[in-house]
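J.: Show me the folded form of this:
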Amino acid sequence: MPVSPLNRREFVKKSAVTGAAVAAVGAVGSGTAEAAGRRHGKGPKTWAFSILGTTDLHSHVFDWDYYLDAAYSDKDGNSVGVARVATLVKQQREAKGEERVLLVDAGDIIQGTSLAYYFARVDPITEGAEHPMAVAMNHMRYDAAALGNHEFNYGIEVLRKFESQCRFPLLGANALDAKTLRPAFQPYAVKTIRVPGAPDIKVGILGLTNPGIALWDKDNVGGKMVFPGLVEQAKKYVPRLRALGCDVVFLTDHSGLDGSSSYGDALPYVENASNLVAEQVPGIDAILVGHTHVEVPSYTVKNEETGEDVLLSEPYCWGYRLSVFDFEVELHHGRWRVTKKTAQTLNPNTVDEDPEIKKLLEADHELVVKYVNTPVGTCTEDLSGAEACWKDVPIMDFIHQVQMDTVKEGLSAADAALPLISVAAPFSRTADIPAGNVTIRDIAGLYIYDNTLYGKKLTGAQLKDYLEYAAKYYHQVPAGTKVDTSTLTNANSFWDYMYDTAAGVDYDIDIAQAEGSRIKNLTYNGTAVTDDQVFVVAVNNYRANGGSGYPHIASADIAYSSTNEIRQLMIDYVTAKGALDPADFAASNWKLTQAGTPVF
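T.: This next block holds a predicted model:
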């Protein structure tokens, strides 16, 4: 990554993970040496500049849906992709001046679309390909980006290769080498904005990532990297940035702003901690927020120690929005101080895609379109995910069948004698595998994450606890009350990807009952499950390592594990079978009830 020779500052000589030097760098306009030699006092006393922010781009380059093989469309009229955002960035630079605009991202860049998967697994960047997101973001002249948790999904080697292709630093002040506890990535960057006839404005950009990486990507980072809390690391680095003479301290956090954690107390650090950072760490001017895929145009948190307001903004995800932080500063005793700051989000759906990005990446895009439209087999009937969140449907049985078949083949003789079941989440309500030809995109649209597969052992009592935890997904609906599917799900901020159904056992979920007492008639092969009965449970790595906070599963004994991605296992299953037939699936049998009466 390029560094300014005037501002080089080495943090870590060698990281055991990277073997790379880490330095804080960067300049907009001329370096500070020139600024120090100017005669001050005759130049401007006030100045204005902006920091633009994106987050959770998830490898959306163009306004395209690879799962539907069509231009992206939703009910709100949003567009996706950095190609449109790039046009907004150009407009901001033209309106305000090139030297007055910085561009920052808050993470989750290299995972999330078929384009991302293609350049991680099919034509991997580790074997010579250039990542389209590196090409696009280099063209847009990003100044820095925070690491997102999904940056680690394909392993550290892929992430390092992406890092080497970027002409801007990937920041992670709380991503540490597990052995040395030194930064494994650059913690921060210092940018200088030139003010003619006055001192340069120094902007410190601190990057923080999500502690949940230690759980969610344990298989990739375990023993290699550790991820302490955002508050803890910000308390270390914000004073350092101020000591370096930064007039403005700006954080880019891959962490939401409500203080919640999806993993409960499985980690000692908060998942969505941006509000806590603002409250508890003095010296911060503004924070670009990511991770939670929501739009927060402008939000203010008062610092508990100084009473100063910290400005936060989150620009949704996928390139839906661009955050714009506008700062006004005033020269006071030779130093700049912030006198005004505002934030807003802009919608790129009003502009065209950047023609240069289209020229640079259209060929890559067409390659991926061709790949996802590759036929892999057929299906005897249409399989839809539209009702998978409240009904037992065949499209979910497909996932369960592949998981159980795969785990079964890899079990020891002793574990093969145990009853085998599967748990899986309905990731997409728009998923559909059509009757007739089945393509890679049909399967990718059903299984949208890059999860791998485990087999873990749970007792009957633990399995019931697990299913009770899943059942908190439903709002309580008293007996005799009509069930409205539009308001039934996602209670307790328990999103679809967090909700597991089970196959291989039969059970009812009584939504008329209070949480914790909803699982009824839990049976295996027609016989009631006993508390001490032991099952092998096929489960994805995210859940197996503690994702979403399910009880027992993270500490359960491992009967099977693999680095093969479940999506690819599903593609291989269809290819080997030639035709998908729901009659071949080991059908699950669960249903929603109200006081024992089936709902559907």
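J.: for the record, mean pLDDT for stretch 486-495?
T.: Mean pLDDT, computed over stretch 486-495, is 97.
J.: If we go by neighbour counts, what in it is buried?
T.: Across stretch 486-495, burial judged by 16 or more other CB atoms under 10 Å covers 488-489, 494. All C-beta spots, glycine's among them, are computed from the backbone N, C-alpha and C.
J.: any idea which of those is closest to Gly212?
T.: Phe494 (16.2 Å; CB to CB).
J.: Skipping adjacent residues, who's closest to that closest one in space?
T.: Distances taken as CB to CB, 6 or more residues apart in numbering put Tyr473 closest to Phe494, at 4.5 Å, once the chain neighbours are dropped.
J.: Look at that neighbour and say how many residues are nearby.
T.: 24 (other CB atoms under 10 Å).
J.: cool, and Met570?
T.: Met570 sits with 25 neighbouring residues when counted by other CB under 10 Å.
J.: these two touch, right, it and Gly445?
T.: No - applying CB atoms under 8 Å as the test, Met570 and Gly445 come out as separate, 11.3 Å apart.
J.: for stretch 75-84, how far is the first residue from the last?
T.: Separation of the first and last residues of stretch 75-84 by CA to CA, to the nearest Å is 19 Å.
J.: What of stretch 498-513?
T.: In stretch 498-513, first residue to last residue: 21 Å (CA to CA).
J.: Could you do stretch 527-534 as well?
T.: Using CA to CA, the two ends of stretch 527-534 sit 14 Å apart.
J.: Mind listing what's buried along that stretch?
T.: Buried residues in stretch 527-534, counted by 16+ other CB under 10 Å: 529, 533-534.
J.: what does stretch 282-300 give?
T.: Burial within stretch 282-300, assessed by neighbour count using 16+ other CB under 10 Å, is assigned to 282-293, 296-299.
J.: do stretch 453-460 as well
T.: The neighbour-count check on stretch 453-460 (16+ other CB under 10 Å) flags 453-460 as buried.
J.: export stretch 544-558 as PDB, just CAs?
T.: The C-alpha atoms that make up stretch 544-558 are tabulated as PDB, following Å, rounded to 0.1, in the frame of the first residue of the first chain:
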ATOM      1  CA  ALA A 544     -21.500 -24.200  15.300                       C
ATOM      2  CA  ASN A 545     -19.100 -21.600  16.500                       C
ATOM      3  CA  GLY A 546     -21.600 -19.600  18.500                       C
ATOM      4  CA  GLY A 547     -23.300 -17.300  15.800                       C
ATOM      5  CA  SER A 548     -26.600 -15.900  17.000                       C
ATOM      6  CA  GLY A 549     -26.100 -17.100  20.500                       C
ATOM      7  CA  TYR A 550     -27.700 -20.500  20.400                       C
ATOM      8  CA  PRO A 551     -27.300 -22.600  23.600                       C
ATOM      9  CA  HIS A 552     -25.000 -25.600  23.900                       C
ATOM     10  CA  ILE A 553     -23.900 -25.800  20.200                       C
ATOM     11  CA  ALA A 554     -20.600 -23.900  20.500                       C
ATOM     12  CA  SER A 555     -19.300 -26.100  23.300                       C
ATOM     13  CA  ALA A 556     -20.700 -29.400  21.900                       C
ATOM     14  CA  ASP A 557     -18.400 -32.200  20.900                       C
ATOM     15  CA  ILE A 558     -17.400 -32.300  17.200                       C
END
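J.: now that stretch: mean pLDDT?
T.: Stretch 544-558 comes out with an average pLDDT of 97.
J.: 713 is where my numbering starts, stick with that
T.: Sounds good: first residue 713 from here, last item stretch 1256-1270.
J.: For that stretch, report the contacting residues that lie outside it.
T.: Applying CB atoms under 8 Å, 6 or more residues apart in numbering, the contact partners of stretch 1256-1270 are 924, 927-928, 930-931, 973-976, 978, 1166-1170, 1174, 1177-1178, 1181-1182, 1206, 1209-1210, 1212, 1249, 1251, 1254-1255.
J.: And stretch 1195-1208, by the same measure?
T.: With contact meaning CB under 8 Å, 6+ apart, stretch 1195-1208 is reached by 972, 1099, 1101-1102, 1137-1141, 1184-1189, 1211, 1223, 1227, 1260, 1304, 1306, 1311.
J.: Between the two ends of it, how far is it?
T.: Per CA to CA, stretch 1195-1208 runs 18 Å from first to last residue.
J.: likewise stretch 835-845?
T.: 14 Å.
J.: buried stuff in it?
T.: Neighbour-count burial for stretch 835-845 flags 836-837, 841-845 (criterion: 16+ other CB under 10 Å).
J.: next one: stretch 1056-1065
T.: Neighbour counts over stretch 1056-1065 (16+ other CB under 10 Å) mark 1057-1061, 1063, 1065 as buried.
J.: now swap in stretch 1013-1024 and tell me
T.: Neighbour-count burial for stretch 1013-1024 flags 1013, 1015, 1022-1024 (criterion: 16+ other CB under 10 Å).
J.: Then stretch 918-931?
T.: 918-930.
J.: Could you list the low-pLDDT ranges of the protein?
T.: 713-753, 1299 (pLDDT under 70).
J.: circling back: mind checking which of the contacts of stretch 1195-1208 are in strands?
T.: Mapping the contacts of stretch 1195-1208 onto strands (DSSP state E) picks out 1304, 1306.
J.: wait, isn't Ala858 in contact with Ser967?
T.: No - Ala858 lies out of contact with Ser967 (CB under 8 Å); the separation is 9.0 Å.
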